[in-house]
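A.B. asks: please work out how this folds:
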Amino acid sequence: MRQAHPVYRSVYRPNLFLGGDRVLMQSTILITVALVFILLSAPTVIAGLVLWALLTRVLQQAAKADPLLRQVYLRHQRYLPRYAGRSTPWATGRRT
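C.D. replies: Model (predicted):
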């Protein structure tokens, strides 16, 4: 008789940070911190906090819709715009 082994949720759960994709959220934090520390003024701090809050909310909503959105988009970018109707240029077959 076969013994059943549990599949732990941490194995297949997406890697999220603050409710959004980990890489995109860390990039958002890096951009807003750089913006604040480069310009260093009160309006820039307020603008940086507002920008971070908005981008965080957008990324959380995107992760709620599809947690693997970034990976899917990057895979989509690798696809060619058109694929030929045959496997190779040297494939035998009738051209139309």
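A.B. asks: quick one: buried residues of stretch 50-69?
C.D. replies: Trp52, Leu55, Thr56, Leu59, Gln60, Ala63, Pro67, Leu69 (16 or more other C-beta atoms under 10 Å). All C-beta spots, glycine's among them, are computed from the backbone N, C-alpha and C.
A.B. asks: wait, which of these is closest to Arg13?
C.D. replies: Pro67 (8.4 Å; C-beta to C-beta).
A.B. asks: can you tell me the SS state at the closest one?
C.D. replies: At Pro67, secondary structure determined by DSSP: H, G, I helix; E, B strand; the rest coil is coil.
A.B. asks: quick one on the thing from earlier: how about the buried residues of stretch 50-69 in a markdown table, adding secondary structure, distance to Gly20 and pLDDT?
C.D. replies: What follows is those, written out as a markdown table (DSSP: H, G, I helix; E, B strand; the rest coil; distance: C-beta to C-beta, whole Å; pLDDT from 0 to 100):
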| residue | secondary structure | distance to Gly20 | pLDDT |
| --- | --- | --- | --- |
| Trp52 | helix | 12 | 96 |
| Leu55 | helix | 9 | 97 |
| Thr56 | helix | 7 | 97 |
| Leu59 | helix | 3 | 97 |
| Gln60 | helix | 5 | 97 |
| Ala63 | helix | 5 | 96 |
| Pro67 | coil | 9 | 94 |
| Leu69 | helix | 9 | 94 |
